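>>> With the sequence up front, the predicted model follows.
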Amino acid sequence: MSKKSPKIAALLASVPPDPRHPIHYTGYFACFNAGLYYEAHDVLEEMWLPVRRSEGGNFFKGLIQLAGAFVHLQKNRLRPAGKLFALAEANLALYPDVHLDFDAAAARRLCREWIGTLAASGYGSNPLAPERAPHLELIAS
């Protein structure tokens with residue numbers, strides 16, 4: 001248990017349980033979709049740390065990096081955001097298009113889209129705005 005665990009537990013208290021997945025996994029998506037990218041990162045990191053060296057570790061790492069890229073955008077750090085989008089795409093590319101009820105192929109396209117938008121502006125314009133904020137959804141099985 002980390003020192004962040006009480007804060008994470010408070011965030012997860014309002015997340016509806018999903019019998020298919022651990023609460024930290026579904027909590028990641030709830031935080032991400034609320035624009036709480038730093039919190040999404042923290043929520044999933046707590047689940048990822050014990051499995052980071054396992055076969056599935058890079059999948060969670062990719063999702064954490066995706067949230068981290070948006071944290072950088074929120075802080076107007078455009079080049080670091082681009083680098084994290086690239087790392088997230090690379091880690092998610094190690095898994096099937098749909099993995100753990102998540103459309104990993106769509107997430108990889110999202111990474112490429114944001115990298116392209118940042119590069120097209122010469123990393124001089126932040127594309128993150130409320131109307132452009134992405135949403136990630138689990139696929140019903």
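Ah, there it is.
>>> From now on I want contacts and neighbour counts done on CA atoms only, so please keep to that.
OK.
>>> now the strands for this structure?
Using DSSP state E, the strands assigned to the chain run over residues 98-99, 102-103.
>>> Can you give me the pLDDT of Ala140?
Predicted confidence (pLDDT) at Ala140: the value is 81.
>>> meant to ask about Arg20
Per-residue confidence (pLDDT) for Arg20: 89.
>>> May I see the strands of the chain arranged in a markdown table, with mean neighbour count, distance to Cys111 and mean pLDDT as well?
Output for those, formatted as a markdown table (neighbours: other Cα atoms under 10 Å; distance: least, Cα to Cα, whole Å; pLDDT from 0 to 100):
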| stretch | mean neighbour count | distance to Cys111 | mean pLDDT |
| --- | --- | --- | --- |
| strand 98-99 | 14 | 16 | 96 |
| strand 102-103 | 16 | 13 | 97 |
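>>> who wins for proximity to Asn76 among the ones you listed?
Set against Asn76 and scored by Cα to Cα, the strands of the chain come closest in strand 102-103, at 27.4 Å.
>>> Low-confidence bits of this structure, can you list those?
Judged against pLDDT under 70, the low-scoring parts of the chain cover residues 1-4, 141.
>>> From Leu11, how far off is Tyr123?
Distance, Tyr123 to Leu11, by Cα to Cα, to the nearest Å: 33 Å.
>>> Check Pro50 too.
20 Å.
>>> Check Trp48 too.
According to Cα to Cα, Trp48 stands 17 Å off from Leu11.
>>> Show me which of the two is the more surrounded one.
In this view Trp48 and Leu11 are compared by other Cα atoms under 10 Å, and Trp48 has more residues nearby, 21 against 18.
>>> quick one on the thing from earlier: same list (the strands of the chain) but as a markdown table, adding distance to Val15.
Shown next, in a markdown table, are the strands of the chain (distance: least, Cα to Cα, whole Å):
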| stretch | distance to Val15 |
| --- | --- |
| strand 98-99 | 21 |
| strand 102-103 | 17 |
